[in-house]
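Asks: The sequence and its predicted three-dimensional model are supplied below.
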Amino acid sequence: MEPQKPLPEPRQPEGCLVTALRIPVRIVVLVLVVPIRLVWDALVVTGRFLGDTLLRPFGRALLWVGRAVFVWPFVGLWRYVAVPLGKGLAWLGNVLVVVPVVWLYRYVLTPVGHGLAWVYARVLTPIGHGIRWVLRGIGAGLAAVGRGLYAAAAWLARYLVLVPAAWVYAWILTPIGHGIRWVLRGIGLALYWSARVVLVLPVLVLWRWVLVPVGRFLAVVGREVGDALGHAWRIAGHLSLAVGRFLGTLFRWIFVEPVRWVYRTLLTPVGHVVRDVVLRPVAAVARGVGRATREALASVRESVRQARADVRRMLLGGPREPVAVDRREPTEHETRTLGRSTTVLTKD
């Protein structure tokens, strides 16, 4: 089963004041908003065009320049200067600091610490135990004396301070405090009713009978102005879209279509004629000239090569004839020696 959709809330009945305000407000807001929406849509289109054609390529170029100027030099400095320098400093620190400190700790401080621990355990600890036993006896005696003095002081404080103070609180301060509280309560009630009559009731009347109706009226006006702004913005959007389409169509029929017609009906046939009558014959002649030039250059290079060979032959003589080498295999009656291509193992 499909879930039931919640029913729309019933609209509150609107008064005649709301109906009287709605139409004038919407007309005024529509007149004010339409130019703003047209300007806004024009700015949006211009901004998109500038962003796609100018700002985005410029930003990419700035990004590439920033990388080339700032990022890549620092990367090269870190990779080829800072890292090798850091490794060298770490090696020097290990050799100059860590190794001597480890040796000092292992071969100097550790034996000294063991010696001090032995002195503490064998000498200082017995002496400390004896001093503690003496101080414990002295502290026990002082504690007994202190307990006696504390008991005497507590008895004196009880009968000289606490008992008189309790009598004064019960028979003097308590009645006086009750009287002061009654007087302050009466003064507080008088001030409360005076402030309520003088301040609270006028403010309450002002809030209930003046500010609340004015606030409701302003809320109605603000709500209607907001609704009118929304309707006007949407209507202005449709108007802006229609104006944009009209301007686009007008631009297409005034500029694009004539340019397309000129290109299609005039420039294209002229271009074909120029291509068939001028460019292709010129290209054919150029290819023939290039072919003839290449053949002439090839014949010139061959003549120069032949002349250079003739000069070398006249000055240095002809090349030596290659000596024929007998590379045949030995017959079955011949044996292979050091001067031949057979081995001793192939002898008969």
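Replies: Perfect, thanks for sending it.
Asks: C-alpha only now, for contacts and for neighbours.
Replies: Noted.
Asks: What are the buried residues along the lowest-mean-pLDDT helix or strand in the chain?
Replies: The weakest-scoring helix or strand in the chain, judged by mean pLDDT, DSSP states H and E, is helix 16-50 (a mean of 76). Within helix 16-50, the residues that count as buried by 16 or more other C-alpha atoms under 10 Å are R22, V25, R26, V29, L30, V33, V34, R37, L38, D41.
Asks: centroid residue for this protein?
Replies: L63 (15.2 Å; C-alpha atoms, centre = their mean).
Asks: follow-up on the earlier one: for the least confident helix or strand of the chain, packing partners?
Replies: helix 212-251 (3 or more C-alpha pairs under 8 Å, 6 or more residues apart in numbering; DSSP states H and E).
Asks: tilt between the helix it packs on and helix 16-50?
Replies: 40 degrees (axes from the mean of the first three to the mean of the last three C-alpha atoms, to 10 degrees).
Asks: helices or strands up against helix 212-251?
Replies: helix 16-50.
Asks: Where does V285 fall, secondary structure wise?
Replies: helix 280-316 (DSSP states H and E).
Asks: actually H114, not the one I typed
Replies: Taking DSSP H and E as the criterion, the element that holds H114 is helix 110-119.
Asks: in that helix, what counts as buried?
Replies: Result for helix 110-119 [16+ other C-alpha under 10 Å]: no buried residues.
Asks: ok, then the element right after that helix?
Replies: Next along from helix 110-119, by DSSP H and E: helix 125-157.
Asks: And that following helix, how far out from the chain middle?
Replies: Here helix 125-157 is found 70 Å from its chain centre; the criterion is C-alpha atoms, centre = their mean, to the nearest Å.
Asks: Also stretch 75-82?
Replies: 24 Å.
Asks: Also stretch 232-243?
Replies: Taking C-alpha atoms, centre = their mean, one finds stretch 232-243 lying 38 Å from the centre of the chain it belongs to.
Asks: And for stretch 123-137?
Replies: Between the centre of stretch 123-137 and the centre of its chain there are 67 Å (C-alpha atoms, centre = their mean).
Asks: buried sites along it?
Replies: Buried residues in stretch 123-137 (16+ other C-alpha under 10 Å): none.
Asks: show me what contacts W103?
Replies: Not one residue lies near W103 by C-alpha atoms under 8 Å, 6 or more residues apart in numbering.
Asks: Tell me the secondary structure at it.
Replies: Secondary structure, DSSP: H, G, I helix; E, B strand; the rest coil: W103 is helix.
Asks: Distance of it relative to I172?
Replies: 83 Å (C-alpha to C-alpha, to the nearest Å).
Asks: can you check G137 too?
Replies: Counting by C-alpha to C-alpha, the gap from G137 to I172 is 51 Å.
Asks: now swap in G76 and tell me
Replies: From G76 over to I172 (counting by C-alpha to C-alpha), the distance is 91 Å.
Asks: before we move on, the earlier item: show me what the helix holding H114 is packed against.
Replies: Secondary elements touching helix 110-119 (3+ C-alpha pairs under 8 Å, 6+ apart): none.
Asks: from the chain's centre, how far out does that helix sit?
Replies: Per C-alpha atoms, centre = their mean, the centroid offset for helix 110-119 relative to its chain is 57 Å.
Asks: Next, the angle from it to helix 125-157.
Replies: Going by the same axes, to 10 degrees, helix 110-119 makes 60 degrees with helix 125-157.
Asks: Keeping just the C-alphas, turn helix 110-119 into PDB.
Replies: Below are the C-alpha coordinates for helix 110-119, written out as PDB (Å, rounded to 0.1, in the frame of the first residue of the first chain):
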ATOM      1  CA  THR A 110      77.100   3.800  34.400                       C
ATOM      2  CA  PRO A 111      80.100   2.800  36.700                       C
ATOM      3  CA  VAL A 112      79.800   6.100  38.600                       C
ATOM      4  CA  GLY A 113      76.000   5.500  39.100                       C
ATOM      5  CA  HIS A 114      76.600   1.900  40.300                       C
ATOM      6  CA  GLY A 115      79.100   3.300  42.900                       C
ATOM      7  CA  LEU A 116      76.700   5.900  44.100                       C
ATOM      8  CA  ALA A 117      74.000   3.300  44.400                       C
ATOM      9  CA  TRP A 118      76.300   1.100  46.500                       C
ATOM     10  CA  VAL A 119      77.100   4.100  48.800                       C
END
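Asks: how long is stretch 66-76 from one end to the other?
Replies: Span of stretch 66-76 from end to end, C-alpha to C-alpha: 15 Å.
Asks: before we move on, back to that, so how far is V75 from the residue nearest to the centre of the chain?
Replies: 16 Å.
Asks: and what of F246?
Replies: From F246 to V75 the distance is 55 Å (C-alpha to C-alpha).
Asks: try G146
Replies: Per C-alpha to C-alpha, G146 is found 77 Å from V75.
Asks: before we move on, what about A117?
Replies: Counting by C-alpha to C-alpha - A117 and V75 are separated by 54 Å.
Asks: any idea how far V123 is from V274?
Replies: Taking C-alpha to C-alpha, one finds V123 at 119 Å from V274.
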